[in-house]
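K.L.:
here is my input, please return the structure:
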Amino acid sequence: MGASETAVPRRRGRPPDTDSAATRTAILDGARLLFGERGYGAATNKDLAAAAGVTTGALYHYVESKLDLYVLVHTDMQTRIYRGFQSAEASERTFLGKLSAVLDAAQKINIEDPSLAKFVGVVRADVRRYPEVAERLAVADTAREDFFLDLVEVGVSTGEVRRDDVPAVREFVRVILVGLIEGTSESPDRQRRAIDSIMGVLRGQLVQPVDD
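P.N.:
Numbers count the residues shown, from 1 in each chain. As a prediction, the model looks like this:
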């Protein structure tokens with residue numbers, strides 16, 4: 001076999017069972033990168049298959065449509081991010097301790113795989129542009145809000161958060177996490193400064209209130 005023949009990689013067709021997990025991972029990783037760069041509308045089925053190194057036929061062995069693939073990528077992203085958050089906050093007992101651990105975990109996740117943050121940013125735009133995407137991701141949004149609520153409920157139990165302030169604090173946590181991922185994700189140093197600043201304000205170290 002000549003060098004020119006060996007230099008051309010073969011794409012996977014319909015994979016055997018032993019290769020299914022690796023192929024599924026390749027499809028999810030490739031799709032996350034492509035969706036993160038182009039968004040839902042501009043990513044074509046052909047390009048999604050090429051990004052995973054599979055044929056279009058193999059792609060549709062795993063998913064029935066581009067929308068189904070988008071939802072799978074989103075589910076995988078949420079699982080990876082919130083598994084990291086839950087693992088981080090489990091070792092802390094206070095609301096501020098848990099929030100600090102979650103923010104640190106968010107930075108760690110972004111450094112290890114920047115494609116996750118890019119995809120998160122694209123999703124926020126896609127749900128506004130495509131009703132079918134918004135409808136399919138509604139359940140995932142509920143699960144995310146439940147995580148925020150559970151985090152804030154710890155603050156209620158420790159006396160750090162008043163019961164009447166739960167909705168405001170939950171929104172505060174949501175905005176912090178979304179802003180941290182989308183607004184500072186491209187610079188680890190900037191993200192670190194943002195985290196330190198957020199916690200400094202919450203602990204009364206950066207801003208001292210004065211009487212009006």
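K.L.:
residues contacting L180?
P.N.:
L103, A106, Q107, Q191, A194, I195, I198 (Cβ atoms under 8 Å, 6 or more residues apart in numbering). In short, each C-beta sits where N, CA and C put it, glycine included.
K.L.:
redo that, cut-off 6 Å
P.N.:
By Cβ atoms under 6 Å, 6 or more residues apart in numbering, the contact set of L180 is A106, A194.
K.L.:
surely it is in a helix?
P.N.:
Yes - assessed with DSSP: H, G, I helix; E, B strand; the rest coil, L180 lies in a helix.
K.L.:
by contact count, what packs against the longest helix along the chain?
P.N.:
Using DSSP state H, we find that the single longest helix of the chain is helix 131-158. Under the contact definition 3 or more Cβ pairs under 6 Å, 6 or more residues apart in numbering; DSSP states H and E, helix 131-158 sits against helix 66-89, helix 95-112, helix 114-129, helix 166-184.
K.L.:
what comes up buried for the second one?
P.N.:
Along helix 95-112, the positions that meet the burial threshold by neighbour count (16 or more other Cβ atoms under 10 Å) are 95-96, 98-107, 109-110.
K.L.:
run the angle between it and helix 166-184 for me.
P.N.:
Here helix 95-112 runs at an angle of 20 degrees relative to helix 166-184 (axes from the mean of the first three to the mean of the last three Cα atoms, to 10 degrees).
K.L.:
can I get helix 95-112 as CSV, trimmed to CA atoms?
P.N.:
In CSV, the C-alpha atoms belonging to helix 95-112 read as follows (Å, rounded to 0.1, in the frame of the first residue of the first chain):
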residue,chain,number,x,y,z
PHE,A,95,-24.0,29.0,51.1
LEU,A,96,-21.0,31.2,50.6
GLY,A,97,-18.7,28.2,50.8
LYS,A,98,-20.8,26.3,48.3
LEU,A,99,-21.1,29.3,45.9
SER,A,100,-17.3,29.9,46.0
ALA,A,101,-16.7,26.2,45.2
VAL,A,102,-19.1,26.2,42.3
LEU,A,103,-17.5,29.3,40.8
ASP,A,104,-14.1,27.7,41.1
ALA,A,105,-15.5,24.6,39.5
ALA,A,106,-16.9,26.7,36.6
GLN,A,107,-13.4,28.1,35.9
LYS,A,108,-11.8,24.6,36.1
ILE,A,109,-14.3,23.2,33.7
ASN,A,110,-13.8,26.1,31.2
ILE,A,111,-10.0,25.7,31.3
GLU,A,112,-10.3,21.9,30.8
